[in-house]
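A.B. asks: Sequence below, structure please.
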Amino acid sequence: MKKWSFVVIISLCLLNTFGCSKKLTDENKKVLSNTEEFLKKGMHLTEFGDYSRALEEFKKIIDIEPKNSLAWALAGYMRFITDNNDEAIEFLKKSIEHDSSSIPAWGCLARTYIKLGVKEKIDSTLNRFSSLQPKTAMDFHFRSLLFRTLDRPQLYMKDCETALQMDPDNSLYYCERGFANNVFGKFDKALKDYNKAIELNPESSLAYLRIGFLYHHKKDFEKAIDAYTKGININPKNDFLRFKRGITYQGINGEIEALQDYSHAIKLNPKKPEYFNRRGNLYIKMKRYEFAVIDISREIELRPHQQGGYNNRGIALRELEKYDEAVKDFEKAIELYPEFWSAYMNLAHLYEKMNNKEKAIEIFEKAVWSAEQQFNKYKTPEFEERIQKTKDKLEKVKSK
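C.D. replies: A predicted model of the protein is given here:
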């Protein structure tokens with residue numbers, strides 16, 4: 001299979017611009033060389049985890065060739081990664097304007113709408129994306145990322161394999177196939193891919209991030225922390241590495257270390273709702289409820305359509321004895337996700353605490369319905385246990 005590198009792809013984009021049938025002038029050759037250099041540096045910085053500097057490299061390509069669809073798509077991808085979603089959408093649409101069949105642009109646009117929960121945009125974008133046929137290694141790579149987001153592991157792995165067959169010296173693609181192997185529980189193969197990525201690019205903080213994730217999944221927390229720390233040493237400004245290390249610290253009851261890492265991650269990137277979610281929930285665990293309310297409120301501002309934030313803030317407000325506000329949050333969580341068993345249980349317990357037996361019974365009955373709905377979907381012992389647990393609680397409240 002023909003090998004397509006990033007440089008070949010960008011070169012073809014520019015050759016289209018200059019005209020393949022014409023001899024390249026010295027000036028055009030210089031432009032082509034500069035553009036290739038900007039692309040290589042941008043992709044290296046992407047794997048390094050410095051997305052702001054990578055964006056600047058892709059913008060340099062756009063300055064040289066304003067109609068370069070791939071450069072616009074990669075610039076949009078950098079904004080997607082850093083949660084500058086409006087700008088990401090703007091850049092990605094610009095890419096599509098210059099190439100209506102751009103798989104990197106359509107794929108990243110779909111992922112942006114999925115992240116934002118814009119259902120009508122998701123459906124139309126996925127419909128358009130499904131009609132496109134990948135041609136290059138980068139096309140297969142970006143399609144694999146969308147399949148990962150859509151939780152379609154078989155297709156995800158297949159595209160990771162194809163991207164590597166077409167460009168077998170690309171460290172980024174080894175990182176992605178390693179993650180696909182991790183999804184399938186093939187940890188030895190995943191680790192081999194990550195180590196190959198580091199061999200090809202010793203500054204790949206992404207590879208160390210993925211190694212840390214692998215060891216955390218295997219509950220080898222010491223090795224996970226070591227991998228995350230190596231990645232941080234390569235790039236101290238990588239907020240996601242600090243965030244993931246914080247999760248691992250929290251998993252081994254290192255609450256102070258976790259709090260430090262979450263706070264550092266938030267300082268580096270204050271637009272990530274999951275960072276505020278994690279720190280807010282850690283504050284709940286530490287019984288620092290005022291701080292929890294502040295963090296989770298910020299999370300809700302960043303993703304107002306996510307039910308979990310309202311449920312968690314409701315818990316903190318309940319502990320602060322702000323019962324009316326807590327009721328509103330639990331009700332909002334249920335409005336966003338009508339089968340939200342935890343929110344029903346929290347609301348029912350709150351009514352019980354407020355000595356409102358009638359409302360507590362009403363909500364516990366809805367919680368039973370919710371547990372039954374979830375069991376019918378997933379058929380797992382966990383949801384079956386929830387049904388019995390909720391029924392027992394309901395009977396206990398009725399008998400009082």
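
A.B. asks: Settle this for me: Phe58 is touching Ser69, isn't it.
C.D. replies: No. If you go by CB atoms under 8 Å, Phe58 and Ser69 don't touch, sitting 11.7 Å apart. Every residue, glycine included, has its C-beta placed from N, CA and C.

A.B. asks: more neighbours, those two?
C.D. replies: Using other CB atoms under 10 Å, the more surrounded residue of Phe58 and Ser69 is Phe58, with 27 against 21.

A.B. asks: Name the surrounding residues that touch whichever strand or helix holds that one.
C.D. replies: Assignment of secondary structure by DSSP states H and E places Phe58 within helix 51-64. Residues outside helix 51-64 that contact it (CB atoms under 8 Å, 6 or more residues apart in numbering) are 10, 31, 34-35, 38-39, 41-43, 45-46, 68, 71-72, 74-75, 78-79, 81-82.

A.B. asks: What of stretch 123-131?
C.D. replies: Contacts with stretch 123-131, where a contact means CB under 8 Å, 6+ apart, come from Ile103, Trp106, Gly107, Leu109, Ala110, Tyr113, Leu146.

A.B. asks: If we use 6 Å, what do you get?
C.D. replies: If you take CB atoms under 6 Å, 6 or more residues apart in numbering as the criterion, stretch 123-131 is touched by Trp106, Leu109, Ala110, Tyr113.

A.B. asks: so where does the nearest residue to the last one once chain neighbours are set aside fall, helix or strand?
C.D. replies: In space, not counting the residues next to it along the chain, Tyr113 is nearest to Lys121; the distance is 4.2 Å by CB to CB, 6 or more residues apart in numbering. Following DSSP H and E, one finds Lys121 within helix 119-130.

A.B. asks: And that helix, what's buried?
C.D. replies: Neighbour-count burial for helix 119-130, counted by 16 or more other CB atoms under 10 Å, picks out Lys121, Ile122, Thr125, Leu126, Phe129.

A.B. asks: Now the helix or strand following that helix: average pLDDT?
C.D. replies: As assigned by DSSP H and E, the chain's next helix or strand after helix 119-130 is helix 137-149. Average pLDDT, helix 137-149: 96.

A.B. asks: buried set for helix 137-149?
C.D. replies: Using 16+ other CB under 10 Å as the burial criterion, the residues of helix 137-149 that qualify are Ala137, Met138, Asp139, Phe140, His141, Phe142, Arg143, Ser144, Leu145, Leu146, Phe147, Arg148.

A.B. asks: Can you pull the domain assignment for the chain?
C.D. replies: Domains of the chain are assigned by automatic domain parsing as 1-168, 340-400.

A.B. asks: Any idea which of the ones you listed has the lowest pLDDT on average?
C.D. replies: Sorting the domains of the chain by mean pLDDT places domain 1-168 lowest, at a mean of 85.

A.B. asks: quick one: it to chain centroid distance?
C.D. replies: Taking CA atoms, centre = their mean, to the nearest Å, one finds domain 1-168 lying 18 Å from the centre of the chain it belongs to.
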